[in-house]
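Colleague: Structure of the sequence below:
(one chain, ligands or ions: 1)
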Amino acid sequence: MSSQSFQGPSFKVYARWRPLSLSEQAGTEIERNTLQHSNTNMSVSLASRPVSGRPRSWKSAPSFTHIFEPEASNNDVFETIVAPAIPQVLSGATCNFFAYGHSGSGKTHTIIGYDYDRNENLGLSLAVARDLMAALDRLNADCSADEMGGGQSTFGIGLRLYELRKKSAFDLLNKRTECFVREGPDGQTHIRGQTELLDGGKVRVRPIVTRPYWTLEDLRRELLSALDLRSTGSSTVHDQSSRTHAVLELEVVNKDLLEARDLVIERQSELVPVAKRATDIYLEESMKSFIKTPEGKYIPNPDHPLDQTRIDAAEATKGEFEARLRAAEDHVTTVLASRSHPSLGGKFVFVDLAGSEYFDAAAGAVGRNITPQDRQEGRQINSDLFALKEVIRARAVKQTRIPYRSAPLTMVLREHFTASAESSSAMILTISPSAEQYTATANTLKYGNLVGVAGGDQMGMAET
Ligand SMILES: Nc1ncnc2c1ncn2[C@@H]1O[C@H](COP(=O)(O)OP(=O)(O)OP(=O)(O)O)[C@@H](O)[C@H]1O
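Modeller: Here you go, the predicted model:
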């Protein structure tokens, strides 16, 4: 397997043929041909000549950085696509990897894997967790002796794992608690859980949970048990899991960073009752200080002039709590900026994208009636995938306005795309060579081709 280097910030698209499954081996295979172009990209052409029905064929642009044959192991894919990004993450960058393919095409096999005992078979996320943890162990060993053994600066991996479905995120590290994707007044997207009422009128809204791990064994055990919570179990087109995008984040953290972020949540919860009290006082004073005349007009109330001092005092208290929140937010920035090592905050993000084939009656993939809810979910998934492609295109051509707000998926991905100037992203298309899966395979490659053309080196793409 030739190893290619991960070059710069452009968006790369890879395709991975899986082997025929036992049940598919009796049937025919898609005729396929891969062509290496001088711009180092590859194109693929497909044909299917069914015994009955009309023959079909399709040819891509040279939009694929590499196409893996069915014999490629998970380790081959890891070494080619993900391992070269480890130094970037260790220098604080965010690297994103998307898996896209129809049900049963090998997304879980690629991202998580099914055999955890052999290095060769580990999925990309577990393999990178292994190498990242080993690199962090080496960094920790370089730290001063008093920081060892769970010290404030000791590096570990912060894991976040959730499923996105429409505007909701289900937190798999927190019993699948439903969280909501919203844009805050600061223009940033926040994924926040249910509101908790605490003593003293405090209101806490927790973000998606980040669980820190200091050993690979702990991370692996918890990750696998959290994955059991993914919507339904079996690998069929009826899977709920096919209708959600699963997001898995591995971030370099230390206790300083985690505590600084916890303090922001604490300060936010303290601010809520104080801000509410300031609003209540303003409304109360405004209502008391005016009376309605028999003609229906509002005039100042001579018995209760507006108590501006009371309003100002409540606003001043609110201002103090807002300043405390800003200080906590600034502290997070300071922790990241004053990091003893640039790794802190570096991140791998894996996104297992929902496919739209479930809803494509024409593909013949659906074994039951499509309900209006199915259709609505299908439209949402299609609009997420379209929005993702458009974001990738806008970034590639350095458009001033990137349409992150077009869909919940891109709203959530925005922080990962913009986390660091050096961020790198790639998409891995998983495809089946079985002729029975021709439509689904061609649809996957067509989407990847659009993404590759949209996000690739424009000069290179022009060459066909
Ligand atoms: N490259 C591969 N090499 C060997 N086996 C593979 C490969 N890709 C997939 N498989 C096998 O094919 C089956 C289906 O793969 P997998 O569960 O990863 O599909 P999926 O795309 O995640 O499906 P779903 O979306 O329904 O969850 C599994 O038994 C898996 O081990």
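Colleague: Establish whether stretch 114-123 and the ligand are in contact.
Modeller: Yes: judged by C-beta under 6 Å from any ligand atom, stretch 114-123 comes into contact with the ligand through Y114. In short, each C-beta sits where N, CA and C put it, glycine included.
Colleague: I meant to write stretch 73-83 there.
Modeller: No: judged by C-beta under 6 Å from any ligand atom, stretch 73-83 makes no contact with the ligand; its nearest approach is 7.3 Å.
Colleague: Pull the distance from that stretch to the chain's centre.
Modeller: Distance, stretch centre to chain centre, for stretch 73-83: 20 Å (C-alpha atoms, centre = their mean, to the nearest Å).
Colleague: which parts of that stretch are buried?
Modeller: Applying a neighbour-count criterion of 16 or more other C-beta atoms under 10 Å, one finds N74, N75, D76, V77, F78, T80, I81, V82, A83 buried in stretch 73-83.
Colleague: cool, and stretch 412-430?
Modeller: Neighbour counts using 16+ other C-beta under 10 Å place 412-417, 419-420, 422-430 of stretch 412-430 among the buried residues.
Colleague: restrict those residues to contacts with the ligand.
Modeller: T430.
Colleague: Out of the buried residues of stretch 412-430, which sit inside strands?
Modeller: Members of the buried residues of stretch 412-430 lying in strands (criterion: DSSP state E): S424, S425, A426, M427, I428, L429, T430.
Colleague: quick one: the second one from S168, how far?
Modeller: This points to S425. Taking C-beta to C-beta, to the nearest Å as the measure, S425 and S168 are separated by 24 Å.
Colleague: quick one: contacts for the nearest residue to E183 once chain neighbours are set aside?
Modeller: Once flanking residues are discounted, E183 sits nearest to T189: 5.6 Å by C-beta to C-beta, 6 or more residues apart in numbering. For T189, the contact set (C-beta atoms under 8 Å, 6 or more residues apart in numbering) comprises V181, R182, E183, Y404, M411, V412, R414, E415.
Colleague: phi, psi of the third one?
Modeller: In terms of degrees, to the nearest 10, the main-chain angles of E183 are phi -100, psi 130.
Colleague: which ones are touching it?
Modeller: With contact set as C-beta under 8 Å, 6+ apart, E183 has these partners: T189, H190, R405, M411.
Colleague: For the helix or strand encompassing the second one, list the C-alpha coordinates in PDB.
Modeller: Using DSSP states H and E, H190 sits within strand 189-197. Taking C-alpha atoms only, strand 189-197 is exported to PDB below (Å, rounded to 0.1, in the frame of the first residue of the first chain):
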ATOM      1  CA  THR A 189     -23.200  27.300  17.900                       C
ATOM      2  CA  HIS A 190     -23.800  25.700  21.200                       C
ATOM      3  CA  ILE A 191     -25.000  22.200  21.900                       C
ATOM      4  CA  ARG A 192     -26.700  22.400  25.300                       C
ATOM      5  CA  GLY A 193     -28.600  19.900  27.400                       C
ATOM      6  CA  GLN A 194     -31.800  20.200  29.400                       C
ATOM      7  CA  THR A 195     -32.000  23.100  31.900                       C
ATOM      8  CA  GLU A 196     -31.300  22.100  35.500                       C
ATOM      9  CA  LEU A 197     -32.700  24.200  38.300                       C
END
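Colleague: Name the residue most distant from the centre of this protein?
Modeller: P294 (59.6 Å; C-alpha atoms, centre = their mean).
Colleague: Identify all residues paired with the closest residue to the ligand within the stretch 351-464 of the chain through a beta bridge.
Modeller: Relative to the ligand, the nearest point of the stretch 351-464 of the chain is T430 (5.7 Å; C-beta to the nearest ligand atom). Beta bridges link T430 to R16, G101, judged by DSSP bridges.
Colleague: For it, give its distance to R221.
Modeller: Counting by C-beta to C-beta, the gap from T430 to R221 is 26 Å.
Colleague: again, but for I265
Modeller: 26 Å.
Colleague: same thing with D142?
Modeller: D142 is 27 Å from R221, by C-beta to C-beta.
Colleague: Tell me which stretches of the stretch 51-200 of the chain form strands.
Modeller: Secondary structure of the stretch 51-200 of the chain by DSSP state E, counting those that start in this stretch: the strands cover 56-59, 66-68, 94-101, 156-165, 168-171, 177-183, 189-197.
Colleague: Make CSV from those strands and add distance to G346 and mean pLDDT to it.
Modeller: Listed next are those as CSV, based on distance: least, C-beta to C-beta, whole Å; pLDDT from 0 to 100:
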stretch, distance to G346, mean pLDDT
strand 56-59, 39, 93
strand 66-68, 24, 96
strand 94-101, 7, 93
strand 156-165, 10, 94
strand 168-171, 22, 92
strand 177-183, 24, 89
strand 189-197, 20, 83
